[in-house]
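Q: please work out how this folds:
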Amino acid sequence: WLLSQFPTGILAVFAALIVGTLMSTASSAIQSCVVNITKDIYVDNFNSEASEDTILKLSRITSVAVLTLAVAFAMFYSQALQWIVMTFAYSVSALLAPIFGGYALRNKGFLTSRGAVGGMICGILGAGVAHALGTQIPYVAFGVTSSLIGLVVISKLTSRRAEEPLAH
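A: Predicted coordinates:
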């Protein structure tokens, strides 16, 4: 009702603002994905000597591929919003405990990198099992809890203190 009360010119400006917001969000998401693929995966793990031209070319190709994949999912997967929510839930399940736990315990000498990776894997598995079972409690809660338990247990098992022989 409110929008029908505005003159056409104001509605056009409002529509332009919405389109601009959507384009900015899509652009940021694609750019983030492309940087992760080109810099964090390709350069850091496969070709640390890659030239700027190579990285730029790979970024452009990856941008087209990611955008094409996103458009295909939006066109052929009618519940794309649920898929986005699901990927966010799995991301939170994997990363919340290792990131905030790592920050909170950064100076305690307790957490290990194996514990962090193990916590991420446990978070994804915990969320996946709860999701598959269709629990009444949101599956992200199981994922975060599993991640925290995995982080602590695996860090304990892989800490330097665990490797030291017990004093008699």
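Q: buried set for the helix ranked longest in the chain?
A: In the chain, ranked by residue count with DSSP state H as the criterion, the top helix is helix 8-35. Neighbour counts over helix 8-35 (16 or more other C-beta atoms under 10 Å) mark 30, 33, 34 as buried. In short, each C-beta sits where N, CA and C put it, glycine included.
Q: adding pLDDT, write the residues you listed out as a markdown table.
A: Below are the buried residues of helix 8-35 laid out as a markdown table (pLDDT from 0 to 100):
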| residue | pLDDT |
| --- | --- |
| 30 | 83 |
| 33 | 84 |
| 34 | 87 |
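Q: quick one: contacts for the residue nearest the centre of the chain?
A: In the chain, the C-alpha nearest the mean C-alpha coordinate belongs to residue 91, at 4.2 Å (C-alpha atoms, centre = their mean). Contacts for residue 91 (C-beta atoms under 8 Å, 6 or more residues apart in numbering) come out as none.
Q: that one sits in which helix or strand?
A: helix 80-96 (DSSP states H and E).
Q: ok, then the element right after that helix?
A: Following helix 80-96 toward the C-terminus (DSSP H and E): helix 102-104.
Q: run the chain-centre distance for that following helix.
A: Offset of helix 102-104 from its chain centre (C-alpha atoms, centre = their mean, to the nearest Å): 18 Å.
Q: show residues contacting it.
A: Counting by C-beta under 8 Å, 6+ apart, residues outside helix 102-104 touching it are 111, 116.
Q: buried ones in it?
A: Within helix 102-104, the residues that count as buried by 16+ other C-beta under 10 Å are residue 102.
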